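>>> mind folding the following:
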Amino acid sequence: MSEFFDLILSHLPWFWVGIMVVCLIFEAVTFTLSTVWAAVSALLMIFLSRTALPLRWQFLIFFLITIILMIFTRPFAVKKLRLGRVTTNVNSLDGQEVLVVKKISKFEKGEVKAANGVVWTAIGEGSEEIPKGKVCVVSRVEGNTLVVNEK
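Numbers count the residues shown, from 1 in each chain. Below is the predicted model of the structure:
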């Protein structure tokens with residue numbers, strides 16, 4: 001075991017290169033912006049390991065830089081990259097014209113067909129009845145029901 005640690009201590013820059021590569025591979029697989037900061041820290045540690053700084057201090061600096069990067073830059077990066085937001089076809093329906101395929105009344109939901117051919121459950125914005133065959137405009141989406149106005 002002592003030989004292993006001696007090997008690491010004699011090749012510290014390569015140790016940090018290995019840490020950086022492992023972190024980048026993990027980040028490429030998950031893309032959660034969690035290990036990329038450790039990879040950046042490891043890159044800095046490659047240069048710092050060329051000094052006479054003991055390994056325990058290198059680890060401490062590595063963890064501090066990683067934590068500081070995660071706290072101060074991750075929220076900004078997540079916001080700019082829009083991670084975690086899954087856009088669906090529902091988001092594109094606002095303002096779109098749809099065709100009523102089943103009558104919409106005050107007390108009964110109807111059905112409308114979107115331009116992409118998908119049939120949605122729909123209700124009217126007001127209390128008016130919208131007959132089959134009319135073209136309407138989607139004003140908003142409530143769950144899986146479109147709220148429409150007659151055009």
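>>> mind listing what's buried in the lengthiest helix in the chain?
Assignment by DSSP state H gives helix 55-81 as the longest helix of the chain. Judged by neighbour count using 16 or more other C-beta atoms under 10 Å, the buried positions of helix 55-81 are Gln58, Phe62, Ile65, Thr66, Leu69, Met70, Arg74. C-beta: built from backbone N, CA, C; applies to glycine.
>>> so Lys132: helix, strand or coil?
Three-state call for Lys132 (DSSP: H, G, I helix; E, B strand; the rest coil): coil.
>>> contact partners for it?
Residues in contact with Lys132, defined by C-beta atoms under 8 Å, 6 or more residues apart in numbering, are Val100, Val101, Lys102, Lys103, Gly110.
>>> by neighbour count, which of the residues you listed wins?
Gly110 (23 neighbours; other C-beta atoms under 10 Å).
>>> ranges for the strands of this structure?
Counting by DSSP state E, one finds strands in the chain at the ranges 97-102, 110-113, 119-124, 135-142, 145-150.
>>> pretty sure Ala42 sits against Trp16.
Yes - using C-beta atoms under 8 Å, Ala42 is in contact with Trp16, at 4.9 Å.
>>> more neighbours, these two?
Shown here are Ala42 and Trp16; by other C-beta under 10 Å, Ala42 has more neighbours (24 against 21).
>>> distance check, the closest residue to the more buried one other than its chain neighbours against Ser10.
Nearest non-adjacent residue to Ala42, counting by C-beta to C-beta, 6 or more residues apart in numbering: Met20, 3.7 Å away. Here Met20 is placed at a distance of 19 Å from Ser10 (C-beta to C-beta, to the nearest Å).
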